[in-house]
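Peer 1: Test case, fold it:
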Amino acid sequence: IWTVPILIIIALGVITYKSTHALDPYRPLESDVKPVTIEVVALDWKWVFIYPEQGIATVNKIVFPANTPVNFRITSDSVMNSFFIPGLGGQIYAMAGMTTKLHLIANKNAEMDGISANYSGAGFTGMKFKAIATSEEDFNAWVAEVKASPKQLDNAEYAALEKPSENNPVELYS
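Peer 2: Sure, this is the predicted structure:
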């Protein structure tokens, strides 16, 4: 009498286990192309994106090559937030004192809206950013443009960014 229900539970458990591990956001995407790493920091009420390999940083805008894996390392220097690019992939939480990971790839050139999907106070509605997937050549040209920016993201500049502010414009740091 219990054989059929037990077999159903086991089958559902196996399917759930396989599906969960196949869709794990922490698992890097397989690709022959070297991934781009972007460190994401949620602040009140803006996003800071640091490109460690390129030596640049931005506020409220990310650019990356299409058909190239992007490894996001996400944290918060404020309250918990949720990093989400609906046109690209799922959301994942940004928490202070902890780094989460998300691996995504854009299959075509596109300009997408990114948001915080977690209420975080008065400036929450303005905590938006642009995510742009572009060609490798355009990405390299954009990196060169950002490197030419006179602003640098040093400790003093970061301390100024940490202060709560709403509806922040895009900023570029070499």
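Peer 1: so where's the chain uncertain?
Peer 2: Along the chain, the model assigns pLDDT under 70 to residues 25.
Peer 1: same thing but 80
Peer 2: The chain contains residues with pLDDT under 80 at 1, 21-27.
Peer 1: ok, residues contacting the biggest helix by length in the chain?
Peer 2: As assigned by DSSP state H, the longest helix anywhere in the chain is helix 3-22. If you take CB atoms under 8 Å, 6 or more residues apart in numbering as the criterion, helix 3-22 is touched by residue 27. (Glycine included, C-beta is placed from N, CA and C.)
Peer 1: For the next helix or strand after it, buried residues please.
Peer 2: Counting by DSSP states H and E, the element after helix 3-22 in chain order, helix or strand, is strand 36-43. Using 16 or more other CB atoms under 10 Å as the test for burial, strand 36-43 gives 36, 38-43.
Peer 1: Stretch 161-174 now?
Peer 2: By 16+ other CB under 10 Å, the buried positions in stretch 161-174 come out as 161, 168, 171-173.
Peer 1: and if you look at stretch 29-37?
Peer 2: Across stretch 29-37, burial judged by 16+ other CB under 10 Å covers 35-36.
Peer 1: Check stretch 49-61 too.
Peer 2: Going by neighbour count (16+ other CB under 10 Å), the buried part of stretch 49-61 is 49-51, 54, 56-61.
Peer 1: Identify, from those, the entry nearest to residue 1.
Peer 2: Set against residue 1, the nearest of those by CB to CB is residue 49 (58.3 Å).
Peer 1: so which strand or helix has that closest one?
Peer 2: Under the assignment here (DSSP H and E), residue 49 is part of strand 46-51.
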